[in-house]
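Asker: Sharing a sequence plus its predicted fold:
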Amino acid sequence: MRSYKLSHIRQLESESIYVIREVAAQFENPVLLFSGGKDSITMARLAQKAFWPGRIPFPFLHVDTGHNFEETIRFRDKLVEELGVELIVASVQDTIDTGRVKEESGPNASRNKLQTTTLLDAIEEHGFDAAFGGARRDEEKARAKERFFSHRDEFGQWDPKNQRPELWDLYNGRKSMGEHFRVFPLSNWTEMDVWQYIAAEGLEIPELYYSHTREVVKRNGVYLAKCEYITLLEGEEYEEKTIRFRTIGDMTCTGAVLSKASDLTEIIQEVASARITERGNRTDDKRSEAAMEERKKEGYF
Amino acid sequence: MSTNNVDAQKYLDMDLLRFITAGSVDDGKSTLIGRLLYDSKQIFDDQMEAIEQTSKKKGHDYTDLALLTDGLSAEREQGITIDVAYRYFSTPNRKFIIADTPGHVQYTRNMVTGASTANLAIILVDARKGVVEQTCRHSFIASLLQIKHIILCVNKMDLVDFSKERFREIQQEFKTFSSKLDVPDVHYIPISALYGDNVVTKSENMPWYDGSTLLYTLENVQVDSDYNHVDSRFPVQWVIRPRSQKYPDYRGYAGRVAGGVFKPGDEVIALPSGFTTNIKTIDTFENEEEEAFTPMSVSMTLEDDIDISRGDMLAKPDNQPNVGQDIDLMVCWLNKNPLQHKGKYAIKHTTKDARCIIKDVKYKVDINTLHRVEGDKEIGLNDIGRIHIRTTEPLFYDSYKKNRSTGSLLIIDEFTNETVGAGMII
């Protein structure tokens, strides 16, 4: 008998499509959290495949810290138009303006933590009962324990000790009023899988991922891009460097790496030989050893 | 084509092995996984730096590789693993997904969870202690969940002077026990996870061992035949109806193949309606496919317009699943509230939701001896037993032994919505 073998990347793709379709079928009002980064671009492609030749049957939600790279926003708007999906923007600035949260102060101030309130407010306002995220288990140790279907109580909280067992390919999305789920179809993908998939599928990504020269400041071992949201400390100065970003997020905490990788092939080579994890360049994770776990318990992505 | 492109193609074509690691507390599971990740160069400098610092803080004179996998703060405080954690690594030929499952009795449900998607189980024993109650429990669960490959790693060989006799003794002990199990492929490897003997590189301390290292074994175990490619099953997950200008009449049945092979032109029967028709096309975003097999996600169009919706199943007229409402199954109980005799529960089976009543508890299994427990039919947390249920509507099922996907179901508490039982149809 001939052997029926599906390569690992096609197995991952099929698993993700299956999970995305399960969410569309099990929930009334799902939404896809879209940041414009490589993981959400991959998510967008998988969602497109899951319902082709139909349209993606849920909107995208961007939690906008107001500290975005311009390139990301341009990219986001273009992709959303091509896919023909509705885009909802939830703004951290609005959350601050209505007094729901207080902006951090000091030179390392970041709006990253404030996103949680904005996200939970948007989920409540629109009545979303499931929110897709592009998080992967290989990113960070608290994420290594996430389920595909991650149950959140009415406060949006994650209880790591009381997660629902997840068996076979049977996903239990039942919930009480007011509760919702976060769903992570890319759970089993690694950073390398995502890059290889983007290359294989020929997906477009924001130029920030490719090497370019930019004014940056080195802080806590990480290069941060020059922008109006960063205040220089004594002894710090901007310098021009040839860099690229390995992740794309809020400008105040997304660090760049020195790099000459100017196309996908070079990025893949760089990722293959990297000695620092991609989140190693995120100052938000450096705050404490359990930083991600704390944020997740509060309802972060 | 440049060399890099060739590499990329090789990367995309790698196959996938999912395995679990199980063992008692302190058998060195986390250290073993840390060792596999470290020796196969999957550890990044910032991760290494973080655990070196923590090791120092704790007063260790070595770098504790187990810290790489102990994820949650509660675990770091208590120094134990409390939930299933997933890890990833790859070698040039294969990508691996590890489900790291804890050894404590009260967390058996996590082992069942990890085992449900695994092709292979690594079961660790401490060379000083040999086969213990937990070893039997874990092996039984692996066998019950139809894991076809077990690697028994006899760890901490350094603490028994790398003794051949001790290894053979444990091997014999496990052989006697595992002959009662349904696991066709068992490997035995003497290792020291702490020092790396026989994990990635061959041990110089055990020249008497002429078998393969753990990593070599993981890379070469044949798993493609673990899927059922004979009995064609396609549970319908979602109906795609674009109603767009380009596709005004398209009606595609989307789902993931759960068994066998489907080709355009094949005659199929839709369950429960019983109507037969032929497959017109098998579509994916990029292609009209010539065939679809497990576990591909596709969308199928049919020659005739018949009423099919989520929860229905396509199969072949001459090879149909069982259709019925009275079902015998083995259940592993996952919740602190015990199974209620005559209780009503929600169930999830393939893409179908239904309800059931527990008609009978036939027996409970003593998972250390594999004997039936006489006179005790109370199925509580971490218990395994055989039960009989009646469902509100017919399920389209196979035995779990024949097909893991159409033979498994979840039992759900209708009030708390928690997943309380894992069922394997007999």
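Answerer: Received, thanks. Residues are numbered from 1 along each chain as shown, chains lettered A, B, ... in the order given.
Asker: How many residues are close by the closest residue to A:Ser262 other than its chain neighbours?
Answerer: In space, and not counting its chain neighbours, A:Ser262 is closest to A:Ser211: 4.6 Å by Cβ to Cβ, 6 or more residues apart in numbering or on different chains. In this view, the C-beta of every residue, glycine as well, is placed from N, C-alpha and C. By other Cβ atoms under 10 Å in any protein chain shown, the residues close to A:Ser211 number 20.
Asker: could you list every residue that touches A:Ser211?
Answerer: Counting by Cβ atoms under 8 Å, 6 or more residues apart in numbering or on different chains, A:Ser211 makes contact with A:242-244, A:259-262, A:266.
Asker: Check B:Gly114 and give its pLDDT.
Answerer: B:Gly114 carries a pLDDT value of 90.
Asker: any idea what sits nearest it, other than its immediate chain neighbours?
Answerer: Closest residue in space to B:Gly114, ignoring its immediate chain neighbours: B:Ala99 at 3.3 Å, by Cβ to Cβ, 6+ apart.
Asker: now B:Thr406
Answerer: Nearest residue to B:Thr406, sequence neighbours excluded (Cβ to Cβ, 6+ apart): B:Asp398, at 4.5 Å.
Asker: check contacts around residue 126.
Answerer: Went with chain A since none was named. By Cβ under 8 Å, 6+ apart, the residues touching A:His126 are A:29, A:31, A:61, A:88.
Asker: wait, I meant chain B there
Answerer: Residues near B:Asp126 by Cβ under 8 Å, 6+ apart: B:23-24, B:26-28, B:155-156.
Asker: Take these and write them to a markdown table, including secondary structure, pLDDT and distance to B:Tyr195.
Answerer: What follows is the contacts of B:Asp126, written out as a markdown table (DSSP: H, G, I helix; E, B strand; the rest coil; pLDDT from 0 to 100; distance: Cβ to Cβ, whole Å):
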| residue | secondary structure | pLDDT | distance to B:Tyr195 |
| --- | --- | --- | --- |
| B:Gly23 | coil | 81 | 17 |
| B:Ser24 | coil | 75 | 20 |
| B:Asp26 | coil | 72 | 17 |
| B:Asp27 | coil | 76 | 15 |
| B:Gly28 | coil | 80 | 11 |
| B:Asn155 | strand | 95 | 11 |
| B:Lys156 | coil | 95 | 10 |
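Asker: Assign a three-state SS to the nearest residue to B:Ile379 once chain neighbours are set aside, would you?
Answerer: In this structure, B:Ile379 finds its nearest non-sequential neighbour in B:Leu339, 4.0 Å apart by Cβ to Cβ, 6+ apart. Secondary structure state of B:Leu339, per DSSP: H, G, I helix; E, B strand; the rest coil, is coil.
Asker: Could you give the backbone dihedrals for B:Leu339?
Answerer: Main-chain torsions, B:Leu339, degrees, to the nearest 10: phi -60, psi 130.
Asker: List the residues that contact the closest residue in space to B:Lys156 that isn't next to it in sequence.
Answerer: Leaving aside its sequence neighbours, B:Lys156 sits nearest to B:Ala127 (Cβ to Cβ, 6+ apart; 4.9 Å). When contacts are counted by Cβ under 8 Å, 6+ apart, B:Ala127 touches B:154-157, B:159-160, B:163, B:166-167, B:170, B:190.
Asker: Could you check how far the residue of chain B most remote from its centre is from chain A?
Answerer: The C-alpha centroid of chain B is most remote from B:Gln245, which lies 43.3 Å away (Cα atoms, centre = their mean). B:Gln245 sits 11 Å away from chain A, going by Cβ to the nearest Cβ, to the nearest Å.
Asker: That residue belongs to a helix?
Answerer: No: counting by three-state DSSP, B:Gln245 is not part of a helix but coil.
Asker: A:Pro53 versus that one, what's the distance?
Answerer: Remark: distance between B:Gln245 and A:Pro53 (Cβ to Cβ, to the nearest Å) = 11 Å.
Asker: Can you pull the phi and psi angles for residue 199?
Answerer: As the question left the chain open, I've gone with chain A. Residue torsions, per degrees, to the nearest 10, at A:Ala199 are phi -70, psi -50.
Asker: was after chain B, sorry
Answerer: The phi/psi pair for B:Val199 (degrees, to the nearest 10) is phi -90, psi -70.
Asker: For it, give me its contacts.
Answerer: Contact analysis of B:Val199 by Cβ under 8 Å, 6+ apart lists B:32, B:35-36, B:39, B:191-193, B:213-215.
Asker: try 7 Å
Answerer: With contacts taken as Cβ atoms under 7 Å, 6 or more residues apart in numbering or on different chains, B:Val199 has the following neighbours: B:32, B:35-36, B:39, B:191, B:193, B:213-215.
Asker: what's the answer for B:Pro242, then?
Answerer: Here B:Pro242 is in contact with A:53-55, B:250 (Cβ under 7 Å, 6+ apart).
Asker: and if you look at A:Lys241?
Answerer: A:213-214, A:216, A:223, A:258.
Asker: one step back: make a ChimeraX selection of the buried ones in the contacts of B:Ala127.
Answerer: Written as a ChimeraX command, the selection of buried residues from these, which uses 16 or more other Cβ atoms under 10 Å in any protein chain shown, is:
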select /B:154,155,156,157,160,166,167,170,190
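Asker: Among the contacts of B:Ala127, which lie within helices?
Answerer: Using DSSP state H, B:166-167, B:170 are the members of those that sit in helices.
Asker: Go back to these and keep what's next to chain A.
Answerer: When contact is defined as Cβ under 7 Å from any Cβ of the partner chain, the ones in helices among the contacts of B:Ala127 do not meet chain A at all.
Asker: of these, closest to chain A?
Answerer: B:Ile170 (30.6 Å; Cβ to the nearest Cβ).
Asker: Any buried residues in stretch B:137-152, and which?
Answerer: Within stretch B:137-152, the residues scored as buried using 16+ other Cβ under 10 Å are B:137-152.
Asker: and which of those is nearest B:Ser273?
Answerer: B:Gln146 (30.7 Å; Cβ to Cβ).
Asker: From B:Val160, how far off is the closest one?
Answerer: 33 Å.
Asker: got the CA coordinates for the strand or helix carrying B:Pro394 in PDB?
Answerer: In this structure, B:Pro394 sits in strand B:384-397 according to DSSP states H and E. C-alpha atoms of strand B:384-397 as PDB (Å, rounded to 0.1, in the frame of the first residue of the first chain):
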ATOM      1  CA  ILE B 384     -10.800   4.400  34.700                       C
ATOM      2  CA  GLY B 385     -13.800   2.200  34.100                       C
ATOM      3  CA  ARG B 386     -16.100   0.600  31.600                       C
ATOM      4  CA  ILE B 387     -19.500   2.200  31.200                       C
ATOM      5  CA  HIS B 388     -22.500   2.000  29.000                       C
ATOM      6  CA  ILE B 389     -24.300   5.100  27.800                       C
ATOM      7  CA  ARG B 390     -27.400   5.900  25.700                       C
ATOM      8  CA  THR B 391     -27.200   8.900  23.600                       C
ATOM      9  CA  THR B 392     -30.100  11.300  22.600                       C
ATOM     10  CA  GLU B 393     -29.300  10.700  18.900                       C
ATOM     11  CA  PRO B 394     -27.300   8.200  16.900                       C
ATOM     12  CA  LEU B 395     -23.500   8.600  16.800                       C
ATOM     13  CA  PHE B 396     -21.500   7.500  13.700                       C
ATOM     14  CA  TYR B 397     -18.600   5.800  15.400                       C
END
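Asker: contact partners of that strand?
Answerer: B:144, B:271-272, B:313, B:321-332, B:347, B:349, B:352, B:354-365, B:367, B:379, B:406-407, B:425.
Asker: if you average pLDDT over that strand, what comes out?
Answerer: Mean predicted confidence for strand B:384-397 is 97.
Asker: Give me the sheet partners of it and which way each runs.
Answerer: If you go by DSSP bridges, strand B:384-397 pairs up with strand B:322-333 (antiparallel), strand B:352-366 (antiparallel).
Asker: so can I have CSV of these showing mean pLDDT and mean neighbour count?
Answerer: Listed next are these as CSV, based on pLDDT from 0 to 100; neighbours: other Cβ atoms under 10 Å in any protein chain shown:
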stretch, mean pLDDT, mean neighbour count
strand B:322-333, 97, 18
strand B:352-366, 96, 17
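Asker: Can you add distance to B:Thr91 and give those back as CSV?
Answerer: Formatted as CSV, the strands paired with strand B:384-397 follow (distance: least, Cβ to Cβ, whole Å):
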stretch, distance to B:Thr91
strand B:322-333, 33
strand B:352-366, 38
